[in-house]
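1. Whatever this is, show me its structure:
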Amino acid sequence: MKTANKTDKAADKAPKAAAKPKVAFFDFASCEGCQLQITNIGELLLDVLGAVDVVEFREAISEKYDGDYDVVFVEGSIGDHHAEERLKKLRARAKVLIAYGACACTGGINALKNHTTDYKDFVYQKDARMPHLDSAKALPISAAIKVDYAALGCPVNKYEVLQIISHLLHGKEPVVPTWPVCVECKRRETVCRYAEGDHCLGPIARAGCTAPCPADGIPCEACRGLVEHANEAAMEKVLMQRAGFSKQRASSKSRMFAANCRADTVQEGAK
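-> Modelled structure (predicted):
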């Protein structure tokens, strides 16, 4: 009996395993391609699941969670006030909130509608006159809430997401590249698209993707947004002089993914 009691007391004093961080993934206006990128991580995902507790992820599990989150990943842009209210509730429950993918970080392709007048007819057709469409803009989630970190790209770089999770688990500050894509092309020894008689937004596009598009002969479209203080005027001149673009085409070229990043776009601040 004494031995059993000592064993029981020793078990009571044994340190309990630390609870895994509660991680959740949510989506707003998007194609959900960034969520698919997470599920496509493959075997490395098993390492992630061994270190964290994924409590909500609509693309992969059906479970719901009603407590607070340690880390929340948000995909997709804001499209209306309903999305803003939902985002604010998520922010209140999250210790750390990360925007991942172009739509969440910059508004992405969705933000093209902010600069057009006929998108409603093409997208909604017979329902194009719904009154809420008149004021709805596609905005990054930072327009409504505080975002702690961002994983850019369309789709998101899955290895960058893994790196962010790893850094947070180890108490390190995640780093988002601020240099242009041209730097990564030089590292890969990729022949410049302009040397091939093509065009490219590499000089003003934010890096972090390892520049796979120019390496495959595809011009960079700045899916990760623009570098800080991007010299858009110089980029327009390059596109006109070396790629033969008209002024209008050169001016609008960076809107594909970075419509809300441009200097001519008025951004709303985080509330």
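2. CA atoms for contacts and neighbours, from now on please.
-> Fine.
3. out of everything not next to it in sequence, what's closest to Ser246?
-> Using Cα to Cα, 6 or more residues apart in numbering and skipping residues adjacent in sequence, the residue nearest Ser246 is Met240, 6.0 Å away.
4. In which helix or strand does that neighbour reside?
-> According to DSSP states H and E, Met240 maps onto helix 232-242.
5. Could you point out the helix or strand that follows that helix?
-> helix 247-252.
6. got a list of contacts for that following helix?
-> Residues from elsewhere that reach helix 247-252, judged by Cα atoms under 8 Å, 6 or more residues apart in numbering: 236-237, 239-240.
7. Which positions within the helix holding Met240 qualify as buried?
-> Under the neighbour-count criterion of 16 or more other Cα atoms under 10 Å, helix 232-242 has 232, 235-240 buried.
8. can you check stretch 174-181 too?
-> Those would be 174, 179-181, for stretch 174-181 by 16+ other Cα under 10 Å.
9. go on, stretch 69-85?
-> Under 16+ other Cα under 10 Å, the buried positions of stretch 69-85 are 69-80, 84.
10. Next: stretch 104-113.
-> The neighbour-count check on stretch 104-113 (16+ other Cα under 10 Å) flags 104-112 as buried.
11. Could you export these as JSON lines, including pLDDT?
-> Listed next are the buried residues of stretch 104-113 as JSON lines, based on pLDDT from 0 to 100:
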{"residue": "Ala104", "pLDDT": "96"}
{"residue": "Cys105", "pLDDT": "95"}
{"residue": "Thr106", "pLDDT": "93"}
{"residue": "Gly107", "pLDDT": "94"}
{"residue": "Gly108", "pLDDT": "93"}
{"residue": "Ile109", "pLDDT": "91"}
{"residue": "Asn110", "pLDDT": "91"}
{"residue": "Ala111", "pLDDT": "91"}
{"residue": "Leu112", "pLDDT": "88"}
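12. which residue ranges form the helices in this structure?
-> 2-13, 33-39, 43-51, 81-93, 102-106, 119-123, 158-169, 181-188, 212-215, 232-242, 247-252, 255-258 (DSSP state H).
13. So which of the ones you listed is nearest Met130?
-> helix 119-123 (9.1 Å; Cα to Cα).
14. In PDB, list the C-alpha atoms belonging to the closest one.
-> These are the backbone C-alpha positions of helix 119-123, laid out as PDB (Å, rounded to 0.1, in the frame of the first residue of the first chain):
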ATOM      1  CA  TYR A 119     -18.700  44.500 -62.700                       C
ATOM      2  CA  LYS A 120     -22.200  44.200 -61.300                       C
ATOM      3  CA  ASP A 121     -23.700  43.500 -64.700                       C
ATOM      4  CA  PHE A 122     -21.100  40.900 -65.500                       C
ATOM      5  CA  VAL A 123     -21.000  39.200 -62.100                       C
END
